[in-house]
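# Have a look at this fold, sequence not included:
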Ligand SMILES: Nc1ncnc2c1ncn2[C@@H]1O[C@H](COP(=O)(O)OP(=O)(O)OP(=O)(O)O)[C@@H](O)[C@H]1O
Ligand SMILES: O=P(O)(O)OC[C@H]1O[C@H](OP(=O)(O)OP(=O)(O)O)[C@H](O)[C@@H]1O
């Protein structure tokens, strides 16, 4: 691609592979950011906005955004900390996917039961910065100095094999379902951090006049994320129990209440968190609400 084609375009970094890739593409589609990615090309022009997408490994995105080479990015909170970019990027929006924990793990049937048992021993991880800071604090607390300090060794993947291979006494790795950890005969003994995918913008933007475009992309993405998180709950209820109904479904600002063509009855609709939906329906049944319906949202602005 001719690099001049990028002139005047906001650069937006997207994970090129791995756990976040598919979800990020769905997010772009939901935000109506249209593009055709030519085979094997990591840069492509957005057709309906002055934006170019740059496909990069998720772990490299924080540095590109933090150093101002790229204006916006989708990546994991964990890799922002690992790249020490937390002061150079702003996390504009949590995206509700890529959720997992960075945990200290040790052999399930071994003698190591706490992180204190691991202090001074060997740790293998792909997160050498974050794990290094974590164990530095532990070493300081336990007054371990010089050769007594915990040894951190970097590996690029398959971290979970390190204990079985005799490379490590414990590891620091991401855990989502826990399947990888259990299959490797490990158990979690501490959580270093919780992470999820985030939209980030640079604290050193290449051009201040991109601000309206950045705000538009952020607002569209926030709409897609909210639409994933919320459903609309609608029901009919007798006016006598309306105060109770409003307590159950307060909405984001307030529920919409409209009179029904039947004396004493109103129709109520409100956004509710998808994860609370079943409990809310149970509570509405208890106050004799009727015709309770749940609608998924395709998209929204909140
Ligand atoms: N098991 C998981 N569940 C949820 N999110 C995860 C999981 N593993 C990683 N992530 C998130 O996805 C980010 C990218 O991880 P991933 O290992 O998929 O990327 P990659 O190294 O670019 O890809 P690959 O492992 O295919 O080379 C992580 O930094 C983390 O934020
Ligand atoms: O708790 P779980 O649901 O099993 O997920 C955790 C696994 O996912 C990640 O690895 P990934 O599969 O991305 O491959 P990698 O080892 O090459 O990084 C992470 O490093 C763990 O190994």
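Cool, got the structure. Just so we're clear, the structure is a prediction, and the values are computed from it rather than from any experiment. Numbering: from 1, shown residues only. Ligands and ions are numbered 1, 2, ... in the order given.
# alpha carbons only for contacts and neighbour counts from here, please
OK.
# Check which element follows the lengthiest helix in the chain along the chain.
In the chain, with assignment by DSSP state H, the single longest helix is helix 211-229. Remark: after helix 211-229, the chain's next helix or strand is strand 230-238, criterion DSSP states H and E.
# close to ligand 2, is stretch 142-159?
Yes. Residues of stretch 142-159 contacting ligand 2 under Cα under 6 Å from any ligand atom: 157, 158.
# Do me a favour and get the end-to-end distance for that stretch?
26 Å (Cα to Cα, to the nearest Å).
# near ligand 1, anything from it?
No. If you take Cα under 6 Å from any ligand atom as the test, stretch 142-159 misses ligand 1, and the best it gets is 7.2 Å.
# Now do that stretch, average pLDDT.
Here stretch 142-159 scores 96 as its mean pLDDT.
# swap in stretch 32-43?
pLDDT averaged over stretch 32-43 gives 91.
# Next, the distance between the ends of it.
Span of stretch 32-43 from end to end, Cα to Cα: 18 Å.
# Over to stretch 81-92?
For stretch 81-92, the end-to-end distance is 15 Å (Cα to Cα).
# Any buried residues in that stretch, and which?
81, 82, 83, 84, 85, 86, 88, 89, 90, 91, 92 (16 or more other Cα atoms under 10 Å).
# who touches it?
59, 62-63, 65-67, 80, 127-130, 198-204, 218 (Cα atoms under 8 Å, 6 or more residues apart in numbering).
# what does stretch 210-228 contact?
Here stretch 210-228 has contacts from 10, 27-28, 30-31, 72, 92-93, 95-96, 199, 296-302, using Cα under 8 Å, 6+ apart.
# Pull out the buried members of these.
Buried residues within those, defined by neighbour count using 16+ other Cα under 10 Å: 10, 27-28, 30-31, 72, 92-93, 95, 199, 297, 299-300.
# ok, back up a step: mind checking which of the contacts of stretch 81-92 land in helices?
Among those, the residues falling in helices (DSSP H) are 62, 63, 65, 66, 80, 128, 129, 130, 218.
# still on that earlier bit, now do the longest helix of the chain, average pLDDT.
Computed over helix 211-229, the average pLDDT equals 95.
# For residue 185, give me its contacts.
Applying Cα under 8 Å, 6+ apart, we find residue 185 in contact with 107, 108, 109.
# Top of these by number of neighbours, please.
Highest neighbour count within the contacts of residue 185, by other Cα atoms under 10 Å: residue 107, with 22 neighbours.
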